[in-house]
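1. structure for the following, please:
(one chain, ligands or ions: 1)
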Amino acid sequence: MEIKAREIPYNIQMRRLLKPRMPFSEKELRQLATDEKGYEGECYFDGLILNSGASSLLQLNDLMLQWNDNVFQIDSLLFSPHKIYLSDIKNYEGEYYIEGDQWFFMSGTEVKNPVHQLQRCESLLRPLLRSIRINLPIEAQVVFVHPEFTLFQANKNLPIILPTQLNSFIGKLSSVSMKFNPTLIEAAKKLAALHVKDSPYYKRHIPNYSYETLKKGVACKSCRSLTVQLDGQKLICDLCGYTEDSSSGILRSVGEFKMLCPERLITVTNIMDWIRLNINRNRLARILKQNFEMVGKGKNVYYRQL
Ligand SMILES: [Zn+2]
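-> Alright, predicted model coming up:
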């Protein structure tokens with residue numbers, strides 16, 4: 001049972017929108033690819049839970065919590081009547097090795113020790129849970145979900161689940177007997193309510209931009225290129241041929257405008273500049289009027305979400 005759903009992280013959403021509209025450096029592109037891959041791994045893990053008996057456990061996904069000025073993020077938390085399973089999901093691919101307390105990629109590049117990150121999370125989560133009177137023991141593990149992940153020289157006592165152990169781990173979670181338990185649901189909801197909704201962390205890795213420097217136009221729903229043209233009632237992408245109803249494409253683009261430039265008002269003039277389509281102003285005004293609340297009069301009219 002899902003208590004808190006996973007959403008596409010805000011900084012990934014923003015970068016997806018920005019990518020066709022501004023140049024990204026090599027480093028920024030690499031970071032985005034890494035973050036997308038991490039998110040993919042988390043969704044994959046969610047899918048495994050969802051399609052197994054473990055789906056009856058109470059799931060809290062993607063929590064941002066705070067304890068004593070320390071902010072920490074939890075990929076997946078599963079509540080059972082006797083235990084809380086804390087999982088840090090890693091979608092690492094390729095060969096890694098451990099030397100002492102350090103983790104390395106095969107090339108010799110050091111990577112952050114994921115077990116340390118997990119232990120930090122666990123040590124902050126424990127007193128936080130106690131403070132809201134949840135006294136269940138925590139079982140924490142780093143879960144490696146990519147089938148092509150290999151780890152050399154790993155101590156068998158490390159709190160990690162390797163890809164080859166994933167099925168038995170899910171099997172173990174599935175075997176936990178879980179009956180409808182209102183007290184446990186209430187406890188899980190209490191924790192979910194502590195999720196920090198506005199943390200600087202969410203804006204991490206979003207490159208700086210301003211409205212003026214962004215490329216304008218409707219981004220294709222399929223290939224994201226800014227090569228969309230208006231053709232009667234349709235929007236057609238010059239690059240991939242994707243066709244979309246003009247109203248829904250324009251509204252999608254207004255949504256992107258709102259997300260990228262929340263300080264700017266939705267007006268006919270502003271949206272004309274944003275979408276750069278050969279569209280009649282009155283037709284655009286009609287689309288906005290049908291889908292937003294009209295505020296103000298005459299020259300000062302703007303639109304806001306219904
Ligand atoms: Zn396209």
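
2. for the residue of the stretch 51-200 of the chain found nearest the ion, which non-adjacent residue is spatially closest?
-> Closest to the ion within the stretch 51-200 of the chain is N91: 27.4 Å, counting by C-beta to the ion. Backbone N, C-alpha and C define where each C-beta goes, glycine included. The shortest distance from N91 to any non-neighbouring residue, by C-beta to C-beta, 6 or more residues apart in numbering, is to G41 (2.7 Å).

3. now do that neighbour against Y92, distance only.
-> For G41, the distance to Y92 equals 8 Å [C-beta to C-beta, to the nearest Å].

4. identify the contacts common to the two.
-> Shared contacts of G41 and Y92, defined by C-beta atoms under 8 Å, 6 or more residues apart in numbering, are found at H146.

5. which residues sit against the lengthiest helix in the chain?
-> Criterion DSSP state H: the longest helix present in the chain is helix 26-50. Contacting residues not belonging to helix 26-50 are listed as 6, 8-9, 11-12, 15, 19, 24, 54-55, 57, 59, 61-62, 75-76, 78, 87, 89-91, 93, 143, 145-146, 166, 170, 173, 205, 207 [C-beta under 8 Å, 6+ apart].

6. part of a helix, is E7?
-> No: counting by DSSP: H, G, I helix; E, B strand; the rest coil, E7 is not part of a helix but coil.

7. isn't it right next to H195, touching?
-> No: at 11.0 Å, E7 does not count as touching H195 under the criterion of C-beta atoms under 8 Å.

8. show me which of those two is the more surrounded one.
-> Ranked by neighbour count (other C-beta atoms under 10 Å), E7 and H195 place H195 first, with 15 against 11.

9. so what secondary structure elements neighbour the next helix or strand after the longest helix of the chain?
-> Downstream of helix 26-50, the first helix or strand assigned by DSSP states H and E is strand 58-67. Applying 3 or more C-beta pairs under 8 Å, 6 or more residues apart in numbering; DSSP states H and E, one finds that strand 58-67 makes contact with strand 2-4, helix 26-50, strand 70-79, helix 114-131, helix 182-192.

10. looking at the ones you listed, which one is packed in the most?
-> strand 70-79 (a mean of 20; mean count of other C-beta atoms under 10 Å).

11. which outside residues touch that strand?
-> 3, 42, 45-46, 49, 54, 57-66, 84-89, 120-121, 124-125, 136, 143, 173, 184, 187-188, 191, 196, 199, 201.

12. that strand pairs with which strands, and in what direction?
-> Counting by DSSP bridges, the strands paired with strand 70-79 are strand 58-67 (antiparallel), strand 84-90 (antiparallel).

13. now the first one: buried residues?
-> When you say that, I think you mean strand 58-67. Neighbour counts over strand 58-67 (16 or more other C-beta atoms under 10 Å) mark L58, Q59, L60, N61, D62, L63, M64, L65, W67 as buried.

14. return the member of these nearest to M178.
-> L58 (8.3 Å; C-beta to C-beta).

15. and the residue of the stretch 1-150 of the chain found nearest the ion, what does it touch?
-> Scanning the stretch 1-150 of the chain for proximity to the ion using C-beta to the ion identifies P20 as nearest, at 10.1 Å. Taking C-beta under 8 Å, 6+ apart, we find P20 in contact with K215, A219, R224, S225, L226.

16. swap in 10 Å and give it another go.
-> L214, K215, G217, A219, C220, C223, R224, S225, L226, T227 (C-beta atoms under 10 Å, 6 or more residues apart in numbering).

17. again with L63
-> Contacts of L63 by C-beta under 10 Å, 6+ apart are 3-4, 6, 72-77, 86, 121, 125, 191-192, 194-196.

18. rerun at 6 Å
-> I74, H195 (C-beta atoms under 6 Å, 6 or more residues apart in numbering).

19. quick one: it from L128, how far?
-> 10 Å.

20. anything in contact with each of the two?
-> Looking at what touches both L63 and L128 (by C-beta under 6 Å, 6+ apart), there is no common residue.

21. touching stretch 279-293 from outside, list them.
-> So stretch 279-293 is contacted by L230, S247, I250, L251, V268, Y303, R304, L306 (C-beta under 6 Å, 6+ apart).
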